[in-house]
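Colleague: Can you look at this prediction? I've put the sequence above it.
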Amino acid sequence: MGNVTVVDHPLVQHKLSLMRRRDTNTAKFRLLMREVSLLLGYEVTRDLATEIRSIETPLAETRAPFLTGKKLVLVSILRAGNGLLEGMLDLVPSARVGHVGIYRDPKTLLAVEYYFKVPEDLGDRPVVVLDPMLATGNSAVAAVSRLKEANALDIKMLCLLAAPEGIEAFHAVHPEVAVFTAAIDERLDDHGYIVPGLGDAGDRLYGNK
């Protein structure tokens, strides 16, 4: 699929397999999510801008790369996006953080927004949207649309799992937004869940089921 990067590193795939298992408990699932998000974060931040500065090592003066420009913004789609947020902040602790509260109506599967709080001047910052499951794509489409309304220009989407239907729906509206994921699964079921998937990421993160 175009404009999609599948991070197939063996460590990512191993940890994802552990997360898929029904008998993985909440504490382990949460830890694995944090670890996987850090590994995925290396790929989604690969093209952050850098500049060369002079520094002194213990042995000599040299020129070395440092991040430049305004700080990255991580936008979590509540609530499950917070599971990815923690690992990303381990990797980029200086990042700014925004939250978009969206839930999926169980009957229509459409996205319903209930909260939106993001940093100012998004147009000057790279933005990474975080949501573990790109299933129907409705929540991701709605979140990115709101970010564009807030003047975000440089946006990427980071998810743990994606369904082909979700990628297609997302790129039908936002074709220029690159998607980074650990796996593209087979399909959606009749209730809009990814198959084989790993269940409801939010419920498994927070022990609701």
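Modeller: Cool, the structure landed.

Colleague: Identify the residues contacting A201.
Modeller: Counting by C-beta atoms under 8 Å, 6 or more residues apart in numbering, A201 touches M33, A80, G83, P132, M133, L160. (Glycine included, C-beta is placed from N, CA and C.)

Colleague: Keep only those of the residues you listed that are in helices.
Modeller: M33, G83 (DSSP state H).

Colleague: I'd say L122 and R146 touch.
Modeller: No. L122 is beyond contact range of R146, at 10.5 Å (criterion: C-beta atoms under 8 Å).

Colleague: Look at these two and report which has more neighbours.
Modeller: L122 (23 against 16; other C-beta atoms under 10 Å).

Colleague: can you pull the pLDDT of the more buried one?
Modeller: Confidence at L122, expressed as pLDDT, is 93.

Colleague: In contact with S94: list those residues for me.
Modeller: K71, L72.

Colleague: shaky segments in the chain?
Modeller: For the chain, the stretches with pLDDT under 70 are 1, 209.

Colleague: Now do the strands in the chain.
Modeller: Remark: strands assigned in the chain by DSSP state E are 4-6, 50-56, 61-67, 73-78, 96-104, 111-117, 126-130, 133-134, 154-162, 178-184, 187-188, 194-195.

Colleague: Go through the ones you listed and pick out the most buried.
Modeller: Among the strands of the chain, the stretch with the highest mean neighbour count (mean count of other C-beta atoms under 10 Å) is strand 133-134, at a mean of 28.

Colleague: Name every strand pairing with that strand and say which way it goes.
Modeller: strand 154-162 (parallel) (DSSP bridges).

Colleague: want to try TSV for the strands of the chain, with distance to H14 as columns?
Modeller: Shown next, in TSV, are the strands of the chain (distance: least, C-beta to C-beta, whole Å):
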stretch	distance to H14
strand 4-6	15
strand 50-56	30
strand 61-67	29
strand 73-78	25
strand 96-104	28
strand 111-117	32
strand 126-130	21
strand 133-134	19
strand 154-162	14
strand 178-184	11
strand 187-188	24
strand 194-195	19
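
Colleague: Ok, which of these comes nearest K28?
Modeller: With C-beta to C-beta as the criterion, K28 lies closest to strand 154-162 of the strands of the chain, at 15.0 Å.

Colleague: quick one: the closest one to chain centroid distance?
Modeller: From the chain centre to the centre of strand 154-162 is a distance of 4 Å (C-alpha atoms, centre = their mean, to the nearest Å).

Colleague: Just want the angle from that strand to strand 126-130.
Modeller: 20 degrees (axes from the mean of the first three to the mean of the last three C-alpha atoms, to 10 degrees).
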